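test case, fold it:
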Amino acid sequence: MRLFGTFLSVNVDVGALNYQKGSSRGIYGAGVATQQFVVNLLRYGNFDEYHFFDSNRYKPPKAGTAETLFGLAGFDAYLKFFPATEFENALRQNDYLAFHHPQGPSIARMIYLRNQLGIKNVPITGVTHTISYHSQLVDFLTHLLIDARPWDSIVCLEAPALHVMKNHFNHLLTRLYEQFGVDIEYEGRLDSIPLGVDTRTYRPRDKRALRQQFGLPLDKVILLWVGRFSHYDKMDLRPLVLAFKAALANCTKNEAVLVLAGDDIRHNYAEKVTTFATELGIEKHLITLTDRPRIDFPLLYSAADVFVSPSDNIQETFGQTVLEGMASGLPVVCSDWEGYSVSVLHEKTGFRIPTYWMECDADICNYAPISPWRLNQFYLSQSICFDVECMTNAMSLLIENDALRSKMGLQARRHALETYDWRVIIHRYIELWEELHQIAASHDVTAYLSPSWYRPQYFKTFEHYATTTVKPTTQVRITDPDRGFPTPDDPIPWYDELNSRLNHEIIDTILSLSSSWITTAELEHSCSRHLNISTHSFRYHLLWLLKYNWLTLNVNTIGQPARDLGLDTTITGED
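As a prediction, the model looks like this:
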């Protein structure tokens, strides 16, 4: 009998798993991804039974548990729910292909339990969702010390996430040796399989009918963003609004609106973005749809023309909404960041916009263990910037060029079907589990033997997310106001949380010294003569000014990008 097993807490808020039937309020992407993985494993997997071990389960499940949790019918005969304490008996009596933890990469406890029992070499795998919280260093350290085997794997969502996990492990191994003389090796694996998308749910539909249903304009190009409204742990939408304003000024053929849709239960962020658009004078071109039922979202994608996503946060690991947009036949304009750098094919399924970063996180890293995780993510994200002018050009091009939108949309749909359809993804998982199972079977069973790294390094770990890094020889200057970008008279997009991190005097000094091209090294030297600031403080302010396009980079002095995008500052629609 072919069996699959998982430790998955099913005694949770039903809305967190069966999200499609409820509201989007309070839903995080990891919960959606977990639900979708299980649903599609049941749909496309080739197992005789699926065993769920739940540490919160104390009594037999009620009839219809599968339907309640996963929105499916007819699978109860194949799903078995057990208390976690039944794991030993189940392992003795059954031969599992693998145990997989779809809720995250923390599989150390599962590995410990398997090793402690010393019964069978069943492979254990987990998957990365968010991998940027400081507290996860403890989980990853435990993973290193728990004796992972060559048939255990953390499945990373594309190569950027795999790179992050390598950086985390290398950081911990280095600090263990330097501080305690502990020299260990990690014997587990890191593999790469992305998330999938339901291409039957997310697909092209009749745009006109759907626009009438949602009260959206029928005669304008609709740019759509979908996500959780949060500048803390999702993305800052204000630079996108700045780029959209400039794109509107560039367009003469078509008119456009920007629709922002998603959960806004936590921070009331949509109101802040709308206020900012009003200050810029483009409120008539912005539509916000908050806390809509989840069933609306596939339809909203189908009603739109272009999907936009300016990701700027290390909390993002992959980006499900980009897959949903491509599956719906939309070209994508997104920042060249994290998993987007793999999933979006530049100038084929959309445009990836260059991102910039440099090491300026000393204070954030020092205080990370005692700081709220959301502020850590937010402070870091405010130093991560995308090229606003390039974003403007990409949006302008797609707004004006109907044929290019159609061509890229078709290519995006095809790419989603061929690469990210859940049928494809589940097949890749089964291939991985079969490979790990063969490795496990070739080794003898051995029982588990019982036998400050606490500072993270965000920039060094996530540096490769950015297209390139700003260097001492990179030149900057104040952005030319004649190009329609911010001037000293425009409102400063200031978050209250930045009061403890940004200083108006430093901002004014940097701007006053940047009337003409100047290298960042020269600018830092001049600022240090006027102000008593650290290198990291100067860099943080510099990057924040670049983020909002108050300063412009001289692209000829940036240096060789880590990834060649083939992207000029002006995007053309030529083949």
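
how far off centre is the host helix or strand of Val155?
Val155 is part of strand 153-156 when elements are defined by DSSP states H and E. Mean C-alpha position of strand 153-156 versus that of the full chain (C-alpha atoms, centre = their mean, to the nearest Å) differs by 16 Å.

tell me the mean pLDDT over that strand?
What strand 153-156 shows for mean pLDDT is 97.

repeat for stretch 405-419
According to the model, stretch 405-419 has a mean pLDDT of 98.

contacts made by that stretch with the rest, please.
194, 197, 199, 202-204, 221, 305-306, 323, 325-332, 345, 348-350, 398, 424 (C-beta atoms under 8 Å, 6 or more residues apart in numbering). Every C-beta, even on glycine, is put in place using the N, C-alpha and C of the backbone.

pull out the buried positions in stretch 415-430.
His415, Ala416, Leu417, Thr419, Tyr420, Asp421, Trp422, Val424, Ile425, Ile426, Tyr429, Ile430 (16 or more other C-beta atoms under 10 Å).

what's the following helix or strand after the lengthiest helix in the chain?
For the chain, the helix that runs over the most residues, judged by DSSP state H, is helix 158-180. Next along the chain after helix 158-180, taking DSSP H and E as the criterion, comes strand 189-192.

next SSE after that following strand?
That would be, after strand 189-192 and using DSSP H and E, helix 207-214.

poorly predicted segments of the protein, please.
9-27, 57-67, 71-76, 447-456, 483-492, 560-575 (pLDDT under 70).

tell me how many other residues surround Leu523.
Residues contacting Leu523 under the criterion other C-beta atoms under 10 Å number 22.

again with the one 3 residues further on
Neighbour count for Ser526, taken as other C-beta under 10 Å: 16.

grab the nearest non-local neighbour of it.
Leu513 (5.1 Å; C-beta to C-beta, 6 or more residues apart in numbering).

go on, Lys207?
That would be Ala303: by C-beta to C-beta, 6+ apart, it lies 5.6 Å from Lys207.

I'd guessed Phe214 sits against Phe297; true?
No - contact between Phe214 and Phe297 fails when scored by C-beta atoms under 8 Å: they sit 11.1 Å apart.

higher neighbour count, these two?
Phe297 (22 against 16).

which helix or strand contains that one?
helix 296-303.

could I have that helix exported to PDB, CA atoms only?
Output of helix 296-303 as PDB, limited to C-alpha atoms (Å, rounded to 0.1, in the frame of the first residue of the first chain):
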ATOM      1  CA  ASP A 296     -14.100  37.400  -5.800                       C
ATOM      2  CA  PHE A 297     -10.400  37.300  -6.400                       C
ATOM      3  CA  PRO A 298     -10.200  35.000  -9.400                       C
ATOM      4  CA  LEU A 299     -12.900  37.100 -11.000                       C
ATOM      5  CA  LEU A 300     -11.000  40.400 -10.200                       C
ATOM      6  CA  TYR A 301      -7.900  39.000 -12.000                       C
ATOM      7  CA  SER A 302     -10.000  38.100 -15.000                       C
ATOM      8  CA  ALA A 303     -11.500  41.700 -15.000                       C
END
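
helices and strands around that helix, which ones?
Applying 3 or more C-beta pairs under 8 Å, 6 or more residues apart in numbering; DSSP states H and E, one finds that helix 296-303 contacts helix 207-214, strand 221-226, strand 256-262, helix 320-327.

okay, angle between the third one and helix 296-303 too, please.
Looking back up the chat, that one is strand 256-262. 160 degrees (axes from the mean of the first three to the mean of the last three C-alpha atoms, to 10 degrees).

same check, this time on the shortest one
In this structure, strand 221-226 runs at an angle of 150 degrees to helix 296-303, with the same axes, to 10 degrees as the basis.

who does strand 221-226 pair up with?
Strand pairing for strand 221-226, determined by DSSP bridges: strand 256-262 (parallel), strand 306-309 (parallel).

what comes into contact with that strand?
Taking C-beta under 8 Å, 6+ apart as the rule, strand 221-226 contacts 211, 216, 237, 240, 244, 254-262, 297, 300-301, 303-309, 321, 324-325, 330, 333, 395, 398-399, 405.

select only the buried ones of these in ChimeraX?
Only the buried entries of the contacts of strand 221-226 go into this ChimeraX selection, using 16+ other C-beta under 10 Å:
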select :211,216,237,240,244,254,256,257,258,259,260,261,262,297,300,301,303,304,305,306,307,308,309,321,324,325,330,333,395,398,399,405
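
would you mind measuring from Phe276 to Tyr540?
22 Å (C-beta to C-beta, to the nearest Å).

who has more neighbours, these two?
Tyr540 (26 against 19).

quick one, phi/psi of the residue nearest to that one when sequence neighbours are not counted?
Nearest residue to Tyr540, sequence neighbours excluded (C-beta to C-beta, 6+ apart): Cys360, at 4.3 Å. The phi/psi pair for Cys360 (degrees, to the nearest 10) reads phi -150, psi 30.

buried subset of the contacts of stretch 405-419?
If we count by 16+ other C-beta under 10 Å, the contacts of stretch 405-419 have these buried: 194, 197, 199, 202-203, 221, 305-306, 323, 325-332, 345, 349-350, 398, 424.

in stretch 401-411, what counts as buried?
Here stretch 401-411 shows Asn401, Leu404, Arg405, Met408, Gly409, Gln411 as buried, counting by 16+ other C-beta under 10 Å.

Three-state assignment for the fifth one, please.
Gly409 falls in the helix class when you classify it by DSSP: H, G, I helix; E, B strand; the rest coil.

and it, how far is that from Met326?
Gly409 is 8 Å from Met326, by C-beta to C-beta.

what's the answer for Ser153, then?
27 Å.

over to Asn376?
31 Å.

buried stuff in the strand or helix carrying His143?
His143 belongs to helix 136-145 when assigned by DSSP H and E. For helix 136-145, burial by neighbour count (16+ other C-beta under 10 Å) applies to Gln136, Leu137, Val138, Asp139, Phe140, Leu141, His143, Leu144, Leu145.

how about the contacts made by the residue nearest to Tyr540?
Ser383, Phe459, His536, Ser537, Arg539, Tyr540, Leu543 are the contacts of Cys360 under C-beta under 8 Å, 6+ apart.

list the ones among the residues you listed that fall in helices.
Checking the contacts of Cys360 against DSSP H, those in helices are Phe459, His536, Ser537, Arg539, Tyr540, Leu543.

would you say Asn366 is within a strand?
No - under three-state DSSP, Asn366 falls outside any strand and is assigned helix.
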